[in-house]
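*Asks:* A structural model of the following input is requested.
(4 chains)
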There are 2 protein chains.
Amino acid sequence: MSTSKRPKTEARAGRIKLADVATASGVHYSTVSRVLRPGSKGRISDAVAEHVKAVARELGYQPNSVAASMRTNSTHSIGLIVHDMSDPVYPPILTGIEEVLSPQGFAVLVGNTGYDIAVEMDVVNRMASRLVDGIFLATTRLEDPIVKRCQDLGIPLISVLRQTLSRDTPAVINDCLGGMRALTRQVLAWGHRDIAVILAPQNLSTGRERWRGIRDVLTEHGMTLPEHRIVYVEHMSADQGERAARSLLNAQRPPPEVIMCVNDLVAIGAIRACRAAGLNVPLDVGISGYNDIPLVDMIDPALTTVRMHLQEIGKAAGKMMLAHLGSEAPSPATVRIDAELVLRASLRNLNG
Amino acid sequence: MSTSKRPKTEARAGRIKLADVATASGVHYSTVSRVLRPGSKGRISDAVAEHVKAVARELGYQPNSVAASMRTNSTHSIGLIVHDMSDPVYPPILTGIEEVLSPQGFAVLVGNTGYDIAVEMDVVNRMASRLVDGIFLATTRLEDPIVKRCQDLGIPLISVLRQTLSRDTPAVINDCLGGMRALTRQVLAWGHRDIAVILAPQNLSTGRERWRGIRDVLTEHGMTLPEHRIVYVEHMSADQGERAARSLLNAQRPPPEVIMCVNDLVAIGAIRACRAAGLNVPLDVGISGYNDIPLVDMIDPALTTVRMHLQEIGKAAGKMMLAHLGSEAPSPATVRIDAELVLRASLRNLNG
DNA sequence: TTGTACGCGTTATCAC
DNA sequence: GTGATAACGCGTACAA
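*Replies:* Numbers count the residues shown, from 1 in each chain, chains lettered A, B, ... in the order given. Model (predicted):
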């Protein structure tokens, strides 16, 4: 009988646990716990500490963080929710987040929604089941049931890229308004007057702010866009951009001098549509994007766009998450990362 | 005292647990567990089952999967280890993996190594601490201490994109040999004879197989490359590709007719280097890549490359993981996904 | 400074 | 068919 060592559950597979290193070091396992956890209450004699550490190393002890989570109610894991990791705006954000959180012992769980809000709700619920310490939401709508759900669940949430209308959640976003204003001023300065826009859904802060950036500057110049120069995409993809641009070009009117697109992928699609319509970019039609995703400097023609510093956004979001996990007061601050105009060949100077 | 309801640990934050829905339904919590877990031993009367389910729904019960993991030794989470998620080859793989594993209730933990093997070992150890059920390794070297470590830890491992020399681990890879052979045959068929190559490190199966694909076909045609037409990159990045191409072009020789690059990012760099050297692609120098990452069809000139079907690789890897988690016998099979030649403007037909 | 004892929320194996 | 009761591995208040 004694201590009955048989593995009751087959799965334990000889994992070394706290008790094993305890018996091997001749101390109680609570002592081992204290040694291995700097910042424990009772101090340990250096001799014992060194000895225990040595034994632990020798046995190849790996703490079971699931068991620890059970006790502490903290998994040191955080979720990142995106529509589709294959959209090139997201990976740099993940890289930035990891750069900050990984050294602090956090793991990142990635959840793709596939643009389906039912899936998204499911992802949140499952992350809640896993007791993630927090969630980065990159899909935030202006009024967002996902945000509401996280609040109800009491999960610290940080919105990235986008913000809610009520700004009730901390967020790290790009200065879309400023970025788009700068771009629009440039478009006007270069003599373009017949402007068309391809916009994102207006239930997103990005979609709304970028449109406002354009409109504000136009208004300052006493201009407004006619209805037929405004089209929308459902998602910011190249295919949707191509379709939208086609509808702009198919009208019985002459093509616009420039098509300002809500982001780079949409702009890529617009370039394709122009080509298919036999129009030269930028000679017949100028095109602009937003994001400065990789390779848009290499396409033909090189894309004029606005750089977002995505990795910086990720890092800022990571730091913000650490701050909020530390303090009890999650002050809902909105951090704006500057945008940067990048002029390339897809937009030309009509005055030049 | 009765049941002493005070929250000993402050963090529990009123989470509904099994016991709560049990008392609310007037049954024992073990009964609730059985109801909520289809496939439990003792069957439950439909009446009780319905009642309990209703109560659970009403209370908004969310199972605590950490506690379940503690008991079952399975976290239903798997790790994905990559050098850098910002490399465009990885996101489609993640998407494919998620597409298969997410519906089965698995979560994916992403670990970036930043090309640092010490970091990578750390990532593995931390994933082990978290009791991941398995790991997808996308950084596999021909002889890989990481693979060894996972085997020692008893963590099911599936190699993606690359394979070990001894093929001791299951893997889903692209048919690099076939892909590069097809590409090389095309290069020769189009009349190119003065060929240069930019290769990846030869401790990677991709690096080695792609090089072998080229060499084999050349050999079949009685050709070999001179030393000065062969250069290497450390990582497959655009910057490294640019540097490597520069060293090819800086020699006191005429430029090669074509530079075959180990992947698309490297090819992008090579195009930049050619431009900087005042050479026209493809008139002066032809360039080819490998991967067919997004937007290489749009760059100037459109890149001739080999398509890898990355998302398919991810899906196949996901299915393979499910199979291995199910069976006790992890037969180390290697699945090859076909490659597909994509001819574009960056390589021209000298005979045409 | 170290040992004791209990609980975290679940699953699994007993009884009844 | 259902209730009671051990584990699972660890953290920590409390006692020694």
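
*Asks:* what residues are up against residue A:273?
*Replies:* Contacts for residue A:273 (C-beta atoms under 8 Å, 6 or more residues apart in numbering or on different chains) come out as A:241-243, A:245-246, A:249. Placement of C-beta: from N, CA and C, glycine included.

*Asks:* With residue A:300 instead?
*Replies:* With C-beta under 8 Å, 6+ apart, residue A:300 has these contacts: B:298-301.

*Asks:* again, only using 10 Å
*Replies:* By C-beta atoms under 10 Å, 6 or more residues apart in numbering or on different chains, the contact set of residue A:300 is A:271, A:275, A:281, A:345-346, B:298-302, B:345.

*Asks:* do the same with residue A:88
*Replies:* Counting by C-beta under 10 Å, 6+ apart, residue A:88 touches A:264-265, A:291, A:293-296, A:310, B:86, B:88, B:91, B:293-295.

*Asks:* Averaged pLDDT, the helix or strand residue A:206 falls within. What do you get?
*Replies:* Per DSSP states H and E: residue A:206 is located in helix A:205-220. Averaged across helix A:205-220, pLDDT comes to 98.

*Asks:* In helices, which of the contacts of residue A:273 appear?
*Replies:* Those of these mapping onto helices are A:241-243, A:245-246, A:249, per DSSP state H.

*Asks:* Grab the nearest non-local neighbour of residue A:318.
*Replies:* Spatial nearest neighbour of residue A:318, excluding adjacent residues (C-beta to C-beta, 6 or more residues apart in numbering or on different chains): residue A:100 at 3.0 Å.

*Asks:* Residue A:317 too?
*Replies:* Distance criterion C-beta to C-beta, 6+ apart; nearest residue to residue A:317, sequence neighbours excluded, is residue A:172 at 4.3 Å.

*Asks:* what's the answer for residue A:24, then?
*Replies:* Spatial nearest neighbour of residue A:24, chain neighbours left out: residue A:55 (5.1 Å); criterion: C-beta to C-beta, 6+ apart.

*Asks:* Is the host helix or strand of the one you found positioned near DNA strand D?
*Replies:* Here residue A:55 sits within helix A:46-59, counting by DSSP H and E. No - Helix A:46-59 does not reach DNA strand D (C-beta under 7 Å from any atom of the strand); its nearest approach is 10.2 Å.

*Asks:* Go ahead and name everything in contact with that helix.
*Replies:* A:16-18, A:20-27, A:31-36, A:38, A:43-45, A:61-63.

*Asks:* show me which of the residues you listed neighbour DNA strand C.
*Replies:* Restricting those to those near DNA strand C by C-beta under 7 Å from any atom of the strand leaves A:27, A:31, A:34, A:43-45.

*Asks:* Just the buried ones from those?
*Replies:* Buried subset of those (neighbour count, 16 or more other C-beta atoms under 10 Å in any protein chain shown): A:27, A:31, A:34.

*Asks:* gap between the last one and residue A:43?
*Replies:* Between residue A:34 and residue A:43 the computed distance is 8 Å (C-beta to C-beta, to the nearest Å).

*Asks:* Equivalent analysis for the second one, please.
*Replies:* Between residue A:31 and residue A:43 the distance is 11 Å, computed by C-beta to C-beta.

*Asks:* One more: residue A:116?
*Replies:* Distance from residue A:116 to residue A:43, counting by C-beta to C-beta: 53 Å.

*Asks:* Kindly confirm whether my reading is correct that residue A:112 touches residue A:90.
*Replies:* Yes - at 9.4 Å, residue A:112 counts as touching residue A:90 under the criterion of C-beta atoms under 10 Å.

*Asks:* Give me the common contacts of these two.
*Replies:* The contact sets of residue A:112 and residue A:90 overlap at A:80, A:82-84, B:91 (C-beta under 10 Å, 6+ apart).

*Asks:* with the residues you listed in mind, which one is nearest to DNA strand D?
*Replies:* Minimum distance to DNA strand D across these is 25.2 Å, recorded for residue A:80 (C-beta to the nearest atom of the strand).

*Asks:* hmm, the helix or strand containing that closest one touching chain B?
*Replies:* For residue A:80, the host element (DSSP H and E) is strand A:77-82. Yes - Strand A:77-82 is in contact with chain B by C-beta under 10 Å from any C-beta of the partner chain, via A:77, A:79-80, A:82.

*Asks:* What count of nearby residues applies to the nearest residue to residue A:240 once chain neighbours are set aside?
*Replies:* If the residues on either side of it in the chain are set aside, residue A:240 comes closest to residue A:233, at 3.9 Å by C-beta to C-beta, 6+ apart. Around residue A:233 there are 25 other residues, counting by other C-beta atoms under 10 Å in any protein chain shown.

*Asks:* Now do the same contact list for residue A:233.
*Replies:* A:198-201, A:207, A:239-245, A:261-263, A:265-266, A:269.

*Asks:* what about 7 Å?
*Replies:* Going by C-beta atoms under 7 Å, 6 or more residues apart in numbering or on different chains, residue A:233 touches A:198, A:200, A:240-241, A:244, A:266.

*Asks:* I'm done for today, thanks for sticking with me.
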